[in-house]
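[1] Turn this into a structure:
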Amino acid sequence: MTESPQRSAFSHFHPVLTRPQDNDHNGHLAGSTVHALFETAIQAFLVEQAELDLREGEVAAVVVSSAADFFALPGFPDVLEVGLGVTRLVGSTVEFRLALYRPGDDDACAAGTLVQVFVERASGRPMALPDNLRLILAGLALNR
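    Here you go, the predicted model:
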């Protein structure tokens, strides 16, 4: 198991509200929900900060890998924040590092990675990141 990343490692956070249906039968967030929260934070960043049109734009982002480690067990009605950073930015590929925090906590409840490949929507083929997107994502770079 990896160590829980400290909040100070991240410069960008996306707030999330949990819902009753997010809990599993044990009363904690289901693992699939944590992965969905991670992907939601990334998509929100791409829409809000990079101004990508994820539905009809010429660039599409495809998730090719994701993994998570769990350190605590949040659940509804927790209010949470997703820390978002970039650990690798090469060609058409971006590796994100994410962590889920309760507000004010320094230690993450969960942390993981998600790898996206950016493709040309029309062909479905990988494409080099547009310069403006590369610059915006580089601003999320984390020190390993």
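[2] Only the buried residues of stretch 25-42, if you could.
    Under the neighbour-count criterion of 16 or more other CB atoms under 10 Å, stretch 25-42 has 28-29, 33-35, 37-39, 41-42 buried. Yep, even glycine has a C-beta here, placed from its N, CA and C like the rest.
[3] Dump those residues into a markdown table; add distance to Asp53 and pLDDT as well.
    Below are these laid out as a markdown table (distance: CB to CB, whole Å; pLDDT from 0 to 100):
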| residue | distance to Asp53 | pLDDT |
| --- | --- | --- |
| His28 | 35 | 86 |
| Leu29 | 30 | 88 |
| Thr33 | 26 | 93 |
| Val34 | 27 | 94 |
| His35 | 24 | 93 |
| Leu37 | 22 | 95 |
| Phe38 | 21 | 96 |
| Glu39 | 17 | 95 |
| Ala41 | 18 | 96 |
| Ile42 | 15 | 96 |
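[4] Mind picking the two most distant members of those?
    His28 and Ile42 (22.6 Å; CB to CB).
[5] Share the number of residues neighbouring the nearest residue to Ala30 once chain neighbours are set aside, please.
    Of all residues not flanking Ala30 in the chain, Asp24 sits nearest, at 4.2 Å (CB to CB, 6 or more residues apart in numbering). When neighbours are defined as other CB atoms under 10 Å, Asp24 has 13 of them.
[6] which residue is nearest the middle of the chain?
    Phe38 (3.7 Å; CA atoms, centre = their mean).
[7] What helices and strands are in contact with the helix or strand where that one lies?
    Here Phe38 sits within helix 31-48, counting by DSSP states H and E. The helices and strands touching helix 31-48, judged by 3 or more CB pairs under 8 Å, 6 or more residues apart in numbering; DSSP states H and E, are strand 12-17, strand 59-70, strand 79-90, strand 93-101, strand 110-120.
[8] Low-confidence regions, the protein specifically.
    For the chain, the stretches with pLDDT under 70 are 1, 143-144.
[9] Identify the residues contacting Glu39.
    By CB atoms under 8 Å, 6 or more residues apart in numbering, the contact list for Glu39 reads 63, 66, 114.
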